[in-house]
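Colleague: here are the coordinates; sequence isn't available:
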Ligand SMILES: N[C@@H](CCC(=O)N[C@@H](CS)C(=O)NCC(=O)O)C(=O)O
């Protein structure tokens, strides 16, 4: 049994998207972060850091979104969404995952944290231009590595494509400029039926 605890348009979309790409049967449990449900006692038993998403697979809990995506692909993907372990493509894939989480997501998350996510007394609006500059810088560095068509590693969709497209979607929501190539990648990937059905399932839970 697979249960994803999440909230629409957060990092839970990465995980729901992977689940949908693999055509898995999964249950969605809304954790309404607008009503601070992630801080409640029941949810903190699942995720002691009180964040979304949490993925539960046959009683096993995974509380980091990237780890959850990779775990699902390894366990249920039957070769889909991940290059074979130990290959050069696998190294490239790991490299993309690290880059996305540590270099692309972080400046965006800093914008989010200092605009709305941190307690007000800890927000430093003066950091926003630096975060915007850092995001623009890493995207400029990666521009030539982004694919005009296909995916980051060639012909096959991987977890890294899903993570990158979802992260670039945040950039768009945070009104950060994207190059034509980055925007085309974001749009092409997020238009995939699995991305849209995952988002629809998460959004429907809001009622
Ligand atoms: N590194 C964690 C970050 C999780 C995280 O910060 N999630 C945000 C939503 S995207 C959250 O739970 N925000 C509510 C809060 O911080 O109280 C992951 O990738 O799963």
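Modeller: All right, it came through fine. These numbers come from a predicted model, not from an experiment.
Colleague: please parse this structure into its domains.
Modeller: For the chain, the structural domains run 2-79+194-204, 88-191, going by automatic domain parsing.
Colleague: out of those domains, deepest packed?
Modeller: Mean neighbours per residue, mean count of other C-beta atoms under 10 Å, is largest over the domains of the chain for domain 2-79+194-204, with a mean of 18. Backbone N, C-alpha and C define where each C-beta goes, glycine included.
Colleague: which SS state does residue 3 fall under?
Modeller: Look at residue 3: counting by DSSP: H, G, I helix; E, B strand; the rest coil, its state is strand.
Colleague: and the domains of the chain as TSV, adding mean pLDDT?
Modeller: Converted to TSV, the domains of the chain look like this (pLDDT from 0 to 100):
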stretch	mean pLDDT
domain 2-79+194-204	97
domain 88-191	97
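Colleague: make TSV from those and add distance to the ligand to it.
Modeller: Shown next, in TSV, are the domains of the chain (distance: least, C-beta to the nearest ligand atom, whole Å):
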stretch	distance to the ligand
domain 2-79+194-204	3
domain 88-191	6
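Colleague: what segments of the protein are strands?
Modeller: 2-6, 27-30, 54-57, 60-62 (DSSP state E).
Colleague: ok, the longest one: who's next to it in the sheet?
Modeller: Meaning strand 2-6. strand 27-30 (parallel), strand 54-57 (antiparallel) (DSSP bridges).
Colleague: quick revisit: could you dump the strands of the chain to JSON lines with distance to residue 150?
Modeller: Shown next, in JSON lines, are the strands of the chain (distance: least, C-beta to C-beta, whole Å):
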{"stretch": "strand 2-6", "distance to residue 150": "28"}
{"stretch": "strand 27-30", "distance to residue 150": "30"}
{"stretch": "strand 54-57", "distance to residue 150": "28"}
{"stretch": "strand 60-62", "distance to residue 150": "29"}
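Colleague: to residue 17, which of those strands lies closest?
Modeller: strand 2-6 (10.5 Å; C-beta to C-beta).
Colleague: hmm, who's touching the closest one?
Modeller: In this structure, residues lying in contact with strand 2-6 by C-beta atoms under 8 Å, 6 or more residues apart in numbering are 12-13, 15-16, 19, 24-31, 43, 46-47, 52-57, 72, 202.
Colleague: still on that earlier bit, tell me which of the strands paired with strand 2-6 sits nearest to residue 84.
Modeller: Residue 84 lies closest to strand 54-57 among those, at 22.0 Å (C-beta to C-beta).
Colleague: got a list of contacts for that closest one?
Modeller: 1-6, 15, 31, 43, 46-47, 61-63, 68, 71-72, 75.
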